[in-house]
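Q: Pasting the sequence and the predicted coordinates here, then a few questions.
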There are 2 protein chains.
Amino acid sequence: MTSYIKIPSHLVPSDPQGSDLLALERAKSTFNVKELTLALYGSKELERFNRILKILENDPVFDKSNIYFMGRTELFEHALKKDKRFVQLIKKHKWNIEEIQTAEFLLDLPGPYGLHRGMFIPTIFGQGSEEQKKKFLIPALKYEIIGCYAQTELGHGSNVQGLETIATYIPETDEFEINSPYLTASKWWIGGLGRTANHAIVMAQLRSNGKDFGPHPFIVQIRDLESHQPLPGITVGDIGPKFGYNATDNGFILFDHVRIPRFNMLSKFSQIKKGTGEYISPPNDKLSYGTMVFVRAMIVSNVRISLARAATIAIRYSAVRRQFVDKEQPKKLENGRVVETSVLDYTMQQYRLFPVIAQAYACFYTAKAMIDLYMNYLKQSSGGDFSLLADLHASSSGLKSLTTAMAVNSIEECRSACGGHGYSNFSGFVTFYQNYLPNITWEGDNYILTHQTARYLLKTFREVVSSKNPEVYASQSKQNPTITYIIDYINNPNLICTATKPLDFNNNELQLRAFGHRAAHLIANAVDQIDHQKKSWNSMLIEINRISRAHCQYLLVRNFITAIREQPQPIEDEKLRILHNSPALKEVMTSVCNLFVLHTMEKELGEFFECGYMNDSTSKLLRSRVYDLLKEIRPNAVSLVDAFYIPEFALRSALGRYDGKVYETMIDWASKEPLNGITLDVNPNSEVLFRNKNKAKL
Amino acid sequence: MTSYIKIPSHLVPSDPQGSDLLALERAKSTFNVKELTLALYGSKELERFNRILKILENDPVFDKSNIYFMGRTELFEHALKKDKRFVQLIKKHKWNIEEIQTAEFLLDLPGPYGLHRGMFIPTIFGQGSEEQKKKFLIPALKYEIIGCYAQTELGHGSNVQGLETIATYIPETDEFEINSPYLTASKWWIGGLGRTANHAIVMAQLRSNGKDFGPHPFIVQIRDLESHQPLPGITVGDIGPKFGYNATDNGFILFDHVRIPRFNMLSKFSQIKKGTGEYISPPNDKLSYGTMVFVRAMIVSNVRISLARAATIAIRYSAVRRQFVDKEQPKKLENGRVVETSVLDYTMQQYRLFPVIAQAYACFYTAKAMIDLYMNYLKQSSGGDFSLLADLHASSSGLKSLTTAMAVNSIEECRSACGGHGYSNFSGFVTFYQNYLPNITWEGDNYILTHQTARYLLKTFREVVSSKNPEVYASQSKQNPTITYIIDYINNPNLICTATKPLDFNNNELQLRAFGHRAAHLIANAVDQIDHQKKSWNSMLIEINRISRAHCQYLLVRNFITAIREQPQPIEDEKLRILHNSPALKEVMTSVCNLFVLHTMEKELGEFFECGYMNDSTSKLLRSRVYDLLKEIRPNAVSLVDAFYIPEFALRSALGRYDGKVYETMIDWASKEPLNGITLDVNPNSEVLFRNKNKAKL
């Protein structure tokens, strides 16, 4: 890239240098970073990651050095180029889904083909008949047709049953007529629809013989394959600029009585019969839940990496950045010169950032637990046993809600903890935050999702309470932790924290009982209000949200504790084996787990008081333990983020560089800002704005 | 603006229409909206507002219809054009500071001249000698020279004493030599420096006769007035793209032994003597505090409008947006058709949004109290009495920290409460949030600022406790609420909430005692830990932050209560008079005040438990009261935001339109997205990306 300004080459940052400071931090670590990385990802995933990183880093099409300077059109053009090259590489290297996902994480630029691969192809694969797969899936896999998935409308998001687009069966011609009767029926937010897709899977209200059968998916060609112009009756375009995701052409579409063959209704599960228009309904409505569960498990899995990425930037920069001399404990260089204190040594900075490290590690183990549970469910459900589904659906809904909200807050916390420079795109936080943000809204709005979780918990509570045979539940409870904590609560609704010194809070059993008790207390209260005080569901929504939150915090706590506590030997899982074979790793991860659990408890202190568990003496012990955990973690802070193993190529951050060359990078990147190629006329009375306007457009 | 896509004109949103829904909402209001607007702003401010709005709205240079589509260079060019026109209008209409501020709020596009007017001119005015004003202020006021204020450096922000730029007095030539010895000494983040300014006030370490006298301000010409090129020895440029504020050219600058005349050191307060290099120190170091206090009072004053703006968009859209049929309480149209429920009727939505309305109103009264106090201080200090300064400085620091953090969180809460559409720039939230965000960092980082507040509170507590004559403090306490709550706490450290039913929480005395008790408890605890347990300041930073927060929440609560409770007659202040003369206004504002107070208490429940004030019975009553307050406010929700009187010109929001035409506007604006003028080649093997590339660049 061009530099518009020559930076004097003799200048260096004032001492101590960032690289030296990070080296000192790394020397303090009590564990082997490579070993922890392996315990997080496993050798297979790590090999894949390194292999794909090498390919992408060395391909000039994926060069990111220009990316922060691009306006929307330029960025979109770049993303299209990147997506085309990506498709070529997928074909060349025959990448599988995991490899594609790894590459997408590293490329970090959601582009125009994303939803073709992410939604159009999987939907045909999952819901199309064999003939439909032949007709649509094969050309889609070759990118001869490009599709998108059009469900959300201008006026309807969460309420899928309320969609307004209509698909009416016309027996005379054996066709469906797709129509948008209102402006609000316009499909909206559809990724890849705006400028790219020539096909769409359209969710529309199926109507046949004057009867309504609810939303069903239809494949509609929307643009000409030659001219790429919209087909007759179709109004389609990009919905305009967004907070982030501007390299994706989210689009809208209106249908004016557009005809498609009957064949185009995706018909693996339900169909309309030729001529008669008779509706054949799906055999099992639970099937579609499985996919939702998987998508949400993937979102939680992404949370861990997003938190890791944010923590990596903020921790490394906080080690390099110095501000003020701590008069009580001044830092000295080897030559005796007093220097300013690294901001990482300030307790407030630790209190803001170390919990984010802990959250990231917590999400590693919850993502793992969710995927294990999902695999288990897949095995059982293929034999017709859907008993795990309700729990899995409830947990994945609530965890998606809780963890994505946590990630958004923590990314912003890390960003603002970087002071002024956190506001610069060069921090690596800006587009990262902007692109992450829709996670709290899509795939189920975070507030609506908690209804699912709470409904299941209330139902479970009622069942346990009214059970004639509590022993049956007691035996089930080994598999279902929700039942365990509900039974514990029923047996001892007045549980009080027994800690008498701060270290007592390190006890895993105490931690689990505390979180279980608080969740059960909220559930019991809500059941009482609904069942006995006859409160309406709407009047309970605030409690509903708290119930889901409490339950999912319990799950995060439990999954983390389960991973680090003693395992039955021999340990089959490679990652857990590495962790448990190293006393140094176990020690540091125990501190991290305790910080996650106890910091979460401290943040929710009000609820732990309200359920009678905590009082003003135990809360003092808790806070004291949290502060001591910050000290315990301090020497390992930089190594704990190094272990996340997020490469420079993905971070794209001047502040979070592994080598600590923060200031050199900031000024080098600034010299490349295109605005620096422009000379102004600053006289307010002159109509000339840029004296070298054409250059400005470079 | 060009539409790239023709939207079918026969389509309308499905019923009920947004305009009808908002009309129904407005009909439910229990008070006169115009009257409340007058009670918020007063007739003089309102007249000014309307007058300036009319001028700006009708000037084609200020047309905002294109603004969401601009990339950085285009936006900067637009802002320069806007700023030039703005200067012409300021001259033409002879606008004063208040009028300029009103126009800046309405134009809502911080541009290249902003810091010339906001910092360069005021600094010369406040710190320059008469000769310096003659030489620099007069051409600056005519925009013959354009300046900026260069303090922050690449390596130093909050710690001004640690700045690295050096100004050495050279007696031989009677000059200063300005030098950047390190890369980290580069000035950074300087608004208007990147491409615009030809002069800078540079804060540099003054050095004379081998001695250091700390940071002082120097005027340095940095660009040639004819060619606009950097002068010799100067490396200057724009620092690159940011989260927001991209119409401003924040810049960096390095000085390579640049000489300036001795005359250019701003010398109202301190000087270097010609030849001898003798340093003359300032008479009073408190003088500069006054300006900081005023800037922070202005920031709090802006918080109220930012919260009002966010609430306006979210409340209006939530009234228009419908989602799901509430099965227990279905909504029906006049013709009996069941329609989906407005999301504003869901308690969770109310719980998310109504507190933001309440925060906005709270900030109106705290901004008023701060400005009144500042005026009072100005009067006293001109007579040499600085006794108000310590309290004013402490409160303004903590309130800046608390309220800007509250605003950032609440804007994002309102945005995400708008579902998917909140993510579109057309929501009006995106650039608004992005431009607001630096408020938590600039003019004192929000965390560092709380040190000032807590230091003052700890000192006051120690003084009251050790006072030989508590009656003296008791008499002072009438003027100083901090002393009041400290004395109350000392007299009754075991205060317990006396509420026995939810309505008891409406009692203002109870509310004030609760917030005072909690703040005093935190202060007392910290004093104990520092003075008796000998804890270091660094180990106390987390508590420090909580103390400042608790104290400033007390101030917000107190200022709101003071404004709405009985006033001595006759009421001189026009705004308060209007409020108190209308029973309807008083009633609704009492509900809003109660919601602010009690919702804040609920959010901080843990601390109210920890200080022994709340227990699990009273907390139930509190929550119940909060939920009832949501019901109380519901009929007035739309009118309460209408009363903020934020015009369409400033909102620039499709969702927050006064007329409710949300969906029509969304699709109209989308049709103008420039990307819609582009046709792609979507074949992944084709190297062509845009088939009509030149058109794309339009």
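A: Cool, the structure landed.

Q: show me what contacts the residue of the stretch 1-150 of chain A found nearest chain B?
A: Closest contact between the stretch 1-150 of chain A and chain B, by CB to the nearest CB, is at A:G71 (2.2 Å). Any C-beta I mention is one placed from the backbone N, CA and C, and that applies to glycine too. By CB atoms under 8 Å, 6 or more residues apart in numbering or on different chains, A:G71 lies in contact with B:70-74.

Q: Reformat the residues you listed as CSV; add pLDDT and secondary structure.
A: Listed next are the contacts of A:G71 as CSV, based on pLDDT from 0 to 100; DSSP: H, G, I helix; E, B strand; the rest coil:
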residue, pLDDT, secondary structure
B:M70, 96, coil
B:G71, 94, coil
B:R72, 95, helix
B:T73, 95, helix
B:E74, 95, helix
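
Q: ok, how many other residues are close to the residue of the stretch 351-500 of chain A found nearest chain B?
A: Closest to chain B within the stretch 351-500 of chain A is A:N425: 4.3 Å, counting by CB to the nearest CB. Counted with other CB atoms under 10 Å in any protein chain shown, the neighbours of A:N425 add up to 24.

Q: Drop the exposed ones from the contacts of A:G71 and show what's left.
A: By neighbour count, with 16 or more other CB atoms under 10 Å in any protein chain shown, these hold B:70-74 as buried.

Q: how about the strands in the stretch 551-698 of chain A?
A: Counting by DSSP state E, counting those that start in this stretch, the stretch 551-698 of chain A has no strands to list.

Q: where in it is pLDDT low?
A: A:694-698 (pLDDT under 70).

Q: The same query, at a cut-off of 90, please.
A: Low-confidence segments of the stretch 551-698 of chain A, defined by pLDDT under 90: A:566-569, A:692-698.

Q: So which residues on it come close to chain B?
A: Contact residues (CB under 8 Å from any CB of the partner chain) of the stretch 551-698 of chain A with chain B: A:604-607, A:609-612, A:614, A:616, A:619-620, A:627, A:663-664, A:666-667, A:669-676, A:678-686, A:689-691, A:696-697.

Q: Give me the buried subset of these.
A: For those, a burial check counting by 16+ other CB under 10 Å picks out A:604-607, A:609-612, A:614, A:619, A:627, A:663-664, A:666-667, A:669-676, A:678-680, A:682, A:684, A:689-690, A:696.

Q: burial of A:V641, as a residue count?
A: Using other CB under 10 Å, A:V641 has 27 neighbouring residues.

Q: thinking again about what came up before, look up how far A:L307 lies from the residue of the stretch 351-500 of chain A closest to chain B.
A: A:N425 sits 20 Å away from A:L307, taking CB to CB, to the nearest Å as the criterion.

Q: With A:M375 instead?
A: 24 Å.

Q: When those two are compared, which one has more neighbours?
A: A:L307 (26 against 11).

Q: and the strand or helix carrying that one, what other elements does it pack with?
A: Element membership of A:L307, judged by DSSP states H and E, is helix A:287-320. Judged by 3 or more CB pairs under 8 Å, 6 or more residues apart in numbering or on different chains; DSSP states H and E, helix A:287-320 is in contact with helix A:18-27, helix A:347-382, helix A:389-416, helix A:430-436, helix A:637-642, helix A:648-651.

Q: Okay, buried residues for that helix please.
A: Of all the residues in helix A:287-320, those buried under the rule 16+ other CB under 10 Å are A:289-290, A:292-320.

Q: ditto for stretch A:409-427
A: Neighbour counts over stretch A:409-427 (16+ other CB under 10 Å) mark A:410-427 as buried.

Q: Listing request: residues of the stretch 301-450 of chain A with sub-threshold pLDDT.
A: A:301, A:323-339, A:373-374, A:376-378, A:380-392, A:443-444.

Q: Just the closest of the contacts of A:G71 to A:Y365, please.
A: Distance to A:Y365, by CB to CB, is smallest for B:R72 among the contacts of A:G71, at 41.5 Å.

Q: Good, wrapping up.
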